[in-house]
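Student: whatever this is, show me its structure:
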Amino acid sequence: MRQEEQIIRTEYSELMQKSYIDYAMSVIVARALPDVRDGLKPVQRRTLYDMYELGIRYDKPYRKSARIVGDTMGKYHPHGDSSIYGALVVLAQDFKMGLPLVDGHGNFGSIEGDGAAAMRYTEARLKKITQEAYLSDLDKNVVDFVPNFDETEKEPEVLPVKVPNLLINGAEGIAVGMTTRIPPHNFGEVIDGVIAYMKDPDINTEQMMQYIKGPDFPTGGIVANKDELLAIYSTGMGKIKIRGKVEVEQGKGKKDRLVITEIPYTMIGANIGKFLNDVYSLVESKKTNDIVDITNQSSKEGVRIVLELRKGADVEHLKNLLYKKTKLEDTFGVNMLAVAEGRPETMGIVPIIRHHVNFQYEIADRKYRTLLAKELDRKEVQEGLIKAVDVIDLIIEILRGSKNVKDARACLTEGVTDHIAFRSEQSKKQAAKLRFTERQTTAILEMRLQKLIGLELEALLKEHEETLKNIARYEELLGSRSAMAKVIIKELEGYQKEYGRPRKTVIDNLQEAVVVEKKTEEMDVVFLMDRFGYAKTIDVAAYERNKEAADTENRYVIFCKNTDKICIFTNTGQMHLLKVLDLPFGKFRDKGVPIDNLSNYDSRTENFVYIMNLSAISSSRVMFGTKNAMLKVVDGAEFDVAKRTTAATKLNEGDEVIFVKVFSTEETLVMQSGKDFFLRIDASSIPEKKKGAAGVRGMKLSAGDSLTAIYLLGAEEERSVEVKGKEVALHRLRPAGRDTKGTKK
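Tutor: Coordinates of the predicted model:
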């Protein structure tokens, strides 16, 4: 019998809201954000734990990355191999991590954005610091283990990381509705900060920054806004301004060269290539004439980008130009967001350290409680064995007189002698007094006869003495927070001594880069654009020398100033603005540059209708005509806008612009349709509209008809067109009213 369907009625909006919140929290906690305790995102934590489980230690051979990725995905992280391998690669990159946690062997990418080799080619193993400070003591019950995704394995909820990894390596992650971005810091400074907090939990942010000066990026560079760091580290949010390090070297012939030896952290990857392109653009656009050549000489030894300068170049001005116009100066947006106590929280530097220190006390407490329990068990067994050695003859007699282990165990633990054959009554009375514990009895029954050798007895007594010392030590640590603090601090100082490195990033207050734009000298030029859309500007004198060829070979010839703008009107009703200075200025026979490359005009989707310089348009009136005979006049000043692209007119569906021109009211307008109807009207009858209006109808068109051409005639202008082999004199057409059918020719 088929089970009846159970339909649950619920409010759709409530269901969507609950589902979305559940999804968002899952992404926030289980994917994108690091935990404040170990500073790791789940994929990083699972990858490191899997390497630990596979035994890929720092002193063992490398193992294929594909093995690590596959094992991690199968056991702990079922979200695709690319995310796991991506995390593994980053953990091994010394230009991204303040303290790399994985030792990569093979191509793990480069600072210039080259990707890592496929995981079947690369190999990896844990770093020594990762084993010592991130994964040790997992066997001592220091953290909780939780079921994996299919409940076939156990994984640590958090790794017992003994250093504040969240600050040392930073973090980047995009969740749902929130992001985290924490810069990396200097290992030694962060350890100093933790120790300072442990000695004085009331320390404030300003005092903490005496130890942690600011971020320490693996790429070096200079933090330029030192005074703003206090506010950033207090709130956990803000913008850090970072610059690359630029050195001036003396080249040949007394020519200077600028050498970039350190780059901003944000320039890692594709942004290095973008920086080079930006420098090329500065030269091409004539923003600077000081750069002769640029070469990227970076290698495994470090970054080295060389800018060769012309003799007598203004070095300081050029530096400021690079800071202002390229990524050589950039901002690092800080948002110190992490999962704390199960929920996302934005924290300053002191709260992050507070959470870390509390976690250290927690794992230390659990570690020493586990060790104490083991030592107490060992003490119990040792005391049993020492006591057993003193009565070893009686124990041997009990064992020889017992029929089975059960009888012997009962005698040793409870003094039961009923089923044991003794040699004498005195032995039986002594056996009845025995009261070993279960654990001691098991140790006695498993004891080898070699334990009775004198040296073995001495070793047992010495071991027992050591056990008593350990118990006293552990009980002292568990009973005194200050004693525990000393142990944690000593361990941190050991890590600091072995793994501390000098700071790479300089922290300073630098003046904002100011670039005084050199005023362009205004001059008359001629804009030329051929029928293929290639445009350029030339000197007026050059045009006059080549006037006939220029007029013949070019579709548009416009006299303008080099400080002017060119307006490009298209059939889609758009107007694109192009600065004349952006056009190449050169010789008459130079090829020019496609308009598509310099403006938003796209030759694949639109066509030119009219091109004119803005200064001529803004002081005039512009007439628009469309295929469906919609006409309007617009004040040219409306097109003097800052946007590179603006809607010049409104078009109805299926319509397109076929006519745009600057005009005067004395002129007359002639419209020609596809069915050879002509209509001549006064230009003054066309109303002035805003550029966002559609206009008015200029001619009544029959079904299936549309305008093919619009002509503007001066007061005394004579003009004819050919229609079906006959000449039609436009100036002789009888003027008629707007929105009439016109005359058939």
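Student: where are the low-confidence patches of the protein?
Tutor: Low-confidence segments of the chain (pLDDT under 70): 1-4, 24, 26-30, 253, 451-455, 514-519.
Student: beta partners of the residue sitting nearest the centre point of it?
Tutor: By C-alpha atoms, centre = their mean, the chain has its centre lying nearest to Glu172, at 6.1 Å. According to DSSP bridges, the residues that bridge with Glu172 are Arg181.
Student: my read: it touches Leu166, true?
Tutor: No. Taking contacts as C-beta atoms under 8 Å, Glu172 lies outside contact range of Leu166: 11.8 Å. No exception for glycine: its C-beta is placed from N, CA and C like everyone else's.
Student: got any residues that touch both of these two?
Tutor: Ile182 (C-beta atoms under 8 Å, 6 or more residues apart in numbering).
Student: what about Glu132, distance to Thr235?
Tutor: For Glu132, the distance to Thr235 (C-beta to C-beta, to the nearest Å) stands at 34 Å.
Student: looking at the two, which has the bigger crowd around it?
Tutor: Legend: neighbour count by other C-beta atoms under 10 Å for Glu132 and Thr235, higher for Glu132 (18 against 15).
Student: tell me if the more buried one really is in a strand.
Tutor: No. Read with DSSP: H, G, I helix; E, B strand; the rest coil, Glu132 is helix and lies in no strand.
Student: can you give me the strands in the stretch 1-150 of the chain?
Tutor: 63-64, 102-105, 123-126, 145-147 (DSSP state E, counting those that start in this stretch).
Student: looking at those strands, which is closest to Lys650?
Tutor: Closest of those to Lys650 is strand 102-105, at 59.3 Å (criterion: C-beta to C-beta).
Student: list the contacts of that closest one.
Tutor: Taking C-beta under 8 Å, 6+ apart as the rule, strand 102-105 contacts 48, 51, 58, 62, 88-89, 91-93, 122-127, 130.
Student: Glu112: neighbouring residues, count only.
Tutor: Glu112: 16 neighbours (other C-beta under 10 Å).
Student: leaving out sequence neighbours, find the closest residue to it.
Tutor: Ile272 (5.0 Å; C-beta to C-beta, 6 or more residues apart in numbering).
Student: show me the contacts for that neighbour.
Tutor: The contact partners of Ile272, taken as C-beta under 8 Å, 6+ apart, are Ile111, Glu112, Gly113, Ile263, Asn296, Ser298, Ile305.
Student: so it, which state does it fall into?
Tutor: Assigned with three-state DSSP, Ile272 falls in the helix class.
Student: what is Ser720 paired to in the beta sheet?
Tutor: Beta-bridge partners for Ser720, by DSSP bridges, are Ala729.
Student: wouldn't it be in contact with Leu713 here?
Tutor: No. Counting by C-beta under 8 Å, Ser720 stays clear of Leu713, with 11.0 Å between them.
Student: the longest helix along the chain packs against which elements?
Tutor: Criterion DSSP state H: the longest helix present in the chain is helix 349-390. The helices and strands touching helix 349-390, judged by 3 or more C-beta pairs under 8 Å, 6 or more residues apart in numbering; DSSP states H and E, are helix 165-168, helix 187-199, helix 205-208, helix 438-446, helix 454-479, helix 481-499.
Student: that one: what's the following helix or strand?
Tutor: helix 392-401 (DSSP states H and E).
Student: run the angle between that following helix and helix 438-446 for me.
Tutor: If you take axes from the mean of the first three to the mean of the last three C-alpha atoms, to 10 degrees, helix 392-401 sits at 80 degrees to helix 438-446.
Student: which element follows helix 392-401 toward the C-terminus?
Tutor: Next helix or strand after helix 392-401 toward the C-terminus (DSSP H and E): helix 405-414.
Student: just the buried positions in the helix or strand that comes right after that following helix, please.
Tutor: For helix 405-414, the following helix or strand on the C-terminal side (DSSP H and E) is helix 425-432. Residues of helix 425-432 classed as buried by neighbour count (16 or more other C-beta atoms under 10 Å): Ser427, Lys428, Gln430, Ala431.
Student: likewise stretch 224-241?
Tutor: Neighbour-count burial for stretch 224-241, counted by 16+ other C-beta under 10 Å, picks out 224-226, 228-230, 232-234, 236-238, 240-241.
Student: report the two of these separated the most.
Tutor: Farthest pair in the buried residues of stretch 224-241 (C-beta to C-beta) is Ala224 and Gly236. Separation: 20.4 Å.
Student: mind giving me the domain ranges of the protein?
Tutor: Residue ranges for the domains of the chain, per automatic domain parsing: 40-160, 245-327, 524-744.
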